[in-house]
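**Student:** The sequence isn't on hand, but the structure is:
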């Protein structure tokens, strides 16, 4: 792909897909017919360049309609946005869900990540590929985690067209997955989000109390169960009062970094540069994580309300919700929730008659784990490759579009609602002194009742696994997902707090708890983790780009050899791991070695 436009022409369908998003071209500068155009000046170029952030939605529009992105379609989109084709090609090839080579209109993504691998994903893939031969019109792709770990193994079918159609099969069988791919409209309906919450309806719940109780499509039902009480309270307190309540509550980020939310909001609000932005990070791609999906599917209005409060507190009038591309039902639920909120005066120019303006735009990811890192997410929204930025400057100073930005994940934002309704002191009394409030845990693997569990900080790992029904023969538990660490079956007294897991030499991360019994081959599991990081490294920095490949190569050799040769490779992988941890730009490279290291040191994985 050149810096210059080529001779390839878009098809009528490709042109229609782009025009449906951007509107018809207004000048020949943007790709309109030149036959009757005045070519003495290039009208519209500056305006088109200002819409660079529509590049990712434009790629989605083409991929959704056609199933892949041709040179002609990419060329036309680039003309419409005045983006150099080489740059757009770099963006299109960055994401796993896009293809710049011809492929069938239907793609069946079959998860082969940790929970699904333990549940027989390899046999499922082999059976599907045997049923769907080359002439089936279906492309079968082995996929990283689809966020359906409680129903492993899982498959997601996407059939391009107008409109695009999707179907989920989980727990998947060969028959059901093939049916989802061949006839997505006839596939069985997904079970309600409440089935992922074994505690659904329990009086002890705070964050999950509406999941399974409230109709997620009904704004009236949401308000009847306490919805928008927190926003009204926020308007009574004022922006400074809201930030004070959040600070006094002790709320820290639930995505893994555990940064104090009140400090982040205060730092953003105090910036003189405007406009300010609010960004919700709903791109949970950590293998084993699915809590944000359940919240968005089961209680979508709560997230809309929480984002509105964050915007009011920090002086933002525009918000972006960056959603995983693999979450079609969450997308539909949130689109409906936003439309309902706008229609009822809960988003827009005058929210609740308070004279405050705020609105939210959904931006879909397209299969890139690295976009869970906040600055990579900003680049993705802006229409660039989702590569992390160096810090400082920090996002509270220069974030999205170079402006002060507050970024939080779904669980963190939803915690703001009980803080305002029950008050900071009552919220801070839940949990421990350093880890306050309730926490959501994603439990999957060798347990009888996988799903999302809500417990106060301070409960032990054993308490959680007892609720989930850990099976006999438990060998190891992975905390924090692929970027986390393993603990032994005799270490279940670890308190589930940020400081407790740190003292135990592991991490709480985003709340992933994956249990593995003695039927799961640990070396193969570690190899899958290494493959995951190799595939998901953005390649920007050498330690991660090279280190993830070398780590995977060494683990392949270790599995095949024993004795002195294996010892040499274990020493090598330790050296590579230390280099990645010390020198990588972002958390992906810095944590890519964690799980392997813990399995070697704590579990004796290769003894």
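**Tutor:** Looks like it arrived, so ask away. What you see is a predicted model, and the numbers here were worked out from it, not measured in a lab.
**Student:** which ones are touching the nearest residue to residue 587 once chain neighbours are set aside?
**Tutor:** Sequence neighbours aside, residue 373 is the residue nearest to residue 587 in space, at 6.2 Å (criterion: C-beta to C-beta, 6 or more residues apart in numbering). All C-beta atoms are positioned from the backbone trio N, CA, C, and that covers glycine. Counting by C-beta atoms under 8 Å, 6 or more residues apart in numbering, residue 373 touches 388, 586-588.
**Student:** Show only the entries of those found in helices.
**Tutor:** Residues from the contacts of residue 373 lying in helices, with DSSP state H as the criterion: 587-588.
**Student:** for residue 101, what are its contacts?
**Tutor:** Neighbouring residues of residue 101 by C-beta under 8 Å, 6+ apart: residue 68.
**Student:** helix, strand or coil for it?
**Tutor:** What DSSP: H, G, I helix; E, B strand; the rest coil gives for residue 101 is coil.
**Student:** Can you show me the strands along this protein?
**Tutor:** Counting by DSSP state E, the segments of the chain that form strands are 106-111, 138-143, 155-159, 165-169, 276-282, 316-323, 359-364, 405-409, 438-445, 451-456, 474-479, 485-488, 512-517.
**Student:** Go ahead and confirm residue 473 touches residue 518.
**Tutor:** Yes: Residue 473 is within contact range of residue 518, at 4.6 Å (criterion: C-beta atoms under 8 Å).
**Student:** per-residue confidence averaged over stretch 267-277?
**Tutor:** Per-region confidence: stretch 267-277 scores 97 on mean pLDDT.
**Student:** ok, and for that stretch, which residues are buried?
**Tutor:** 267-269, 271, 276-277 (16 or more other C-beta atoms under 10 Å).
**Student:** Roughly how far does the residue most central in space within the chain sit from residue 295?
**Tutor:** Centroid check for the chain by C-alpha atoms, centre = their mean gives residue 283 as the closest residue, at 1.6 Å. Residue 283 sits 14 Å away from residue 295, going by C-beta to C-beta, to the nearest Å.
**Student:** Tabulate the buried residues of stretch 267-277 in a markdown table, adding columns for distance to residue 501.
**Tutor:** Formatted as a markdown table, the buried residues of stretch 267-277 follow (distance: C-beta to C-beta, whole Å):
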| residue | distance to residue 501 |
| --- | --- |
| 267 | 27 |
| 268 | 28 |
| 269 | 31 |
| 271 | 33 |
| 276 | 33 |
| 277 | 32 |
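**Student:** Identify the farthest-apart pair in those residues.
**Tutor:** Taking C-beta to C-beta, the two most distant members of the buried residues of stretch 267-277 are 267 and 277; they sit 13.6 Å apart.
**Student:** Can you name the residues bridging to residue 276?
**Tutor:** Note on residue 276: beta-bridge partners by DSSP bridges are residue 316.
**Student:** can you tell me which residues contact it?
**Tutor:** Contacts for residue 276 (C-beta under 8 Å, 6+ apart) come out as 268-269, 314-317, 403-406.
**Student:** residues in contact with the residue nearest to the centre of the chain?
**Tutor:** Residue 283 makes contact with 322-324, 365, 371-372, 377 under the criterion C-beta under 8 Å, 6+ apart.
**Student:** No further queries at this time; thank you.
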